[in-house]
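>>> What shape does this take:
(2 chains)
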Amino acid sequence: MSLAGITGATLAKDLRLEWRSKDAINAMLFFALLVVVVFSFSFDPNAEESRQIAGGLIWVAFLFASVVALNQTWARELRNQALDAYRVSPAPANALFLAKTVGNFIFVGVLEVLMTPLFIVFYKLRALGPAWQLIPVAILGTWALVVNGTFFAAMSIRTRSREIMLPLLLFPISIPAILAMVNATTAILTGELSSRFWIVLLATYDVVFTIACLLLFEMVLHAE
Amino acid sequence: MTDQSSAAAAPIIIITDLVKQFGRFAALRGVSAEFAPRRMYAILGDNGAGKTTLLRVLAGLSRPTRGSVSMLGTTDLRAICRHVGYMAHPSLLYDELSGTENLRYFARLYEIEGRQRCASVISAVGVDPLLPRPIAQYSQGMRQKISLARAILHDPQVLLLDEPFSNVDVHSARDIGARLAQMRDAGKTIFVVTHQSSLLESLADEFVWMQAGQIVTRTPHLLPVEAR
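Below you'll find the model as predicted:
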């Protein structure tokens, strides 16, 4: 079977597991909702201040919430050691990585779709720049979070304190991507600067880290 | 049991000076052995003797610290993983999926198409393939049977089974034993790690005794406890 076939089968299995357990999506939603509400009441910004800080708030909320999904991705593979069944099969390691990454992309994407209207309402947001550019920023930014997150979550599954280990590994390496996401979002919301540079930076980051993760994942999967 | 001629066949597995260390603890201490094809081996020994570690190394899940394993003519165990079936002590299954859903997923990893194969394997181990409940709601024994079904789904030449009889009632354990004997007679090589050696007394071709990370004895018959 092709890489795409096994990726599709693994993705379908993960989506079915999440649909039945709702482990990741519920935890992510509650976490992101708390961030929106707590920050909204703490700062109570006007429209102009909101446009300045919303980019940072949104992405920080999504980053922290996505860590929950990323940990769950591999936690369900460790229950009953189901991951070993994949490791002894002839299926390619990259199919597993791609399926997990796409799965996490969907979970975080659903979170973003559900939370964005709340951000708009709570922070009275209205973009002064080209709002359509938020779509490529969201897609590229989410991919940047989940591609590294899936990889480092896989690296940390065999460590004793993996919930702590994942943010420790993920956040420093995500700094360039977070900077790009936040600056691009702020540029679009305020309409003061072009977001083009940040979007190109995000796309480059995605390509580089996707290739690096694909090259290294087999080693991570079969490590003891 | 098989006749003696199969014992003279070229070995299907050759283990040479195998050492597996976890930190400073050596789980396997220089194991060397040859195993002939089309036979059923019962791997016996106390807890911590190295039985599970040996099976994990043979399955390619654990890399030897030193020494080598040659299986089906190659030391690249990844290359022959399609011909090896592995059943671990945990079920290696997804709790939220039913037995059939689990097997359909694993069938796709082995490029096996068709629901018929999954259904027939599940039936062969004595579970109803139409059972819609998720695995989490199965009894421990049923889970064990589905776990065995997963291991034999792709019709492997070499079968590595870690405690297949644990938590299974006596009748089901005997059924599983008989099924394994049939597979051995059909040309499979089977390794069974178990503490319930009496279940294999009349079925296994050889009893391999392990102690402190080494193979200490290999006998054609089950020895009484005091003789081990």
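
>>> Mind jotting down where the helices sit in chain A?
A:3-21, A:23-43, A:47-78, A:82-87, A:93-122, A:134-156, A:162-190, A:196-221 (DSSP state H).

>>> And those helices: which comes nearest B:Ile13?
Closest approach to B:Ile13 among the helices of chain A (C-beta to C-beta): helix A:82-87, 19.4 Å. Where you see a C-beta, it was placed from the backbone N, CA and C, and this is true even at glycine.

>>> Please see if that closest one touches chain B.
Yes. Interface with chain B: helix A:82-87 contributes A:82, A:84-87 (C-beta under 8 Å from any C-beta of the partner chain).

>>> Which positions in stretch A:178-189 come out as buried?
A:178, A:180-189 (16 or more other C-beta atoms under 10 Å in any protein chain shown).

>>> Next: stretch B:82-97.
B:82, B:84-97.

>>> Columns pLDDT on top of the buried residues of stretch A:178-189, output as TSV?
Shown next, in TSV, are the buried residues of stretch A:178-189 (pLDDT from 0 to 100):
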residue	pLDDT
A:Ile178	94
A:Ala180	95
A:Met181	94
A:Val182	93
A:Asn183	92
A:Ala184	93
A:Thr185	92
A:Thr186	90
A:Ala187	91
A:Ile188	90
A:Leu189	86
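
>>> overlap between the residues you listed and the residues near chain B?
Among the buried residues of stretch A:178-189, no residue sits close to chain B (C-beta under 8 Å from any C-beta).

>>> would JSON lines of those with distance to B:His171 be doable?
What follows is the buried residues of stretch A:178-189, written out as JSON lines (distance: C-beta to C-beta, whole Å):
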{"residue": "A:Ile178", "distance to B:His171": "60"}
{"residue": "A:Ala180", "distance to B:His171": "64"}
{"residue": "A:Met181", "distance to B:His171": "61"}
{"residue": "A:Val182", "distance to B:His171": "64"}
{"residue": "A:Asn183", "distance to B:His171": "68"}
{"residue": "A:Ala184", "distance to B:His171": "66"}
{"residue": "A:Thr185", "distance to B:His171": "64"}
{"residue": "A:Thr186", "distance to B:His171": "69"}
{"residue": "A:Ala187", "distance to B:His171": "71"}
{"residue": "A:Ile188", "distance to B:His171": "68"}
{"residue": "A:Leu189", "distance to B:His171": "69"}
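
>>> Tell me the span between the first and last residue of stretch B:122-134.
Stretch B:122-134 has its terminal residues 14 Å apart, counting by C-alpha to C-alpha, to the nearest Å.

>>> what's that stretch in contact with?
With contacts defined as C-beta atoms under 8 Å, 6 or more residues apart in numbering or on different chains, stretch B:122-134 is touched by A:20, B:95-100, B:103, B:118-119, B:138, B:142, B:145-146, B:148-149, B:152, B:172, B:175-176, B:179.

>>> same deal with stretch B:164-171?
For stretch B:164-171, contacts defined as C-beta under 8 Å, 6+ apart pick out B:87, B:89, B:140-141, B:143-145, B:148, B:173, B:176-177, B:180, B:192, B:194-196, B:199.

>>> so what's A:Gly8 up against?
A:Gly8 makes contact with A:Ala99 under the criterion C-beta under 8 Å, 6+ apart.

>>> Give me the pLDDT for it.
Looking at A:Gly8, its pLDDT is 96.

>>> okay, and for chain B, where does confidence drop off?
Scanning chain B for pLDDT under 70 picks out the ranges B:1-8, B:225-228.

>>> which residues of it fall in strands?
B:13-22, B:25-35, B:40-45, B:66-71, B:84-87, B:158-162, B:189-193, B:206-211, B:214-219 (DSSP state E).

>>> Can you check which of the ones you listed gets nearest to A:Thr73?
Among the strands of chain B, strand B:84-87 comes nearest to A:Thr73, with 23.3 Å by C-beta to C-beta.

>>> Just the CA trace of the closest one, in CSV.
Coordinates of each C-alpha in strand B:84-87 appear next as CSV, following Å, rounded to 0.1, in the frame of the first residue of the first chain:
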residue,chain,number,x,y,z
VAL,B,84,6.8,-12.2,11.7
GLY,B,85,3.8,-12.0,13.9
TYR,B,86,4.1,-10.6,17.4
MET,B,87,1.7,-10.7,20.4
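
>>> In helices only, show me the contacts of stretch B:164-171.
Per DSSP H, the subset of these in helices is B:140-141, B:143-145, B:148, B:173, B:176-177, B:180.

>>> Would you mind giving me the PyMOL syntax to select the buried ones in those?
Command for PyMOL that selects the buried part of those, burial taken from 16+ other C-beta under 10 Å:
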select buried, chain B and resi 141+143+144+145+148+173+176+177+180
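
>>> Turn the ones in helices among the contacts of stretch B:164-171 into TSV, columns for distance to chain A.
Shown next, in TSV, are the ones in helices among the contacts of stretch B:164-171 (distance: C-beta to the nearest C-beta, whole Å):
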residue	distance to chain A
B:Gln140	12
B:Gly141	15
B:Arg143	9
B:Gln144	12
B:Lys145	15
B:Leu148	13
B:Ala173	21
B:Ile176	19
B:Gly177	23
B:Leu180	19
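
>>> Quick check on the contacts of stretch B:122-134: which are buried?
For these, buried by 16+ other C-beta under 10 Å: B:95-100, B:103, B:118-119, B:138, B:142, B:145-146, B:148-149, B:152, B:172, B:175-176, B:179.

>>> Spell out which parts of chain B neighbour chain A.
B:59-63, B:81-82, B:84, B:86, B:88, B:90-97, B:101, B:105-106, B:108-111, B:134, B:150.

>>> Which residues are in contact with B:Val121?
If a contact means C-beta under 8 Å, 6+ apart, then B:Val121 has B:103, B:149, B:152-153 as its contacts.
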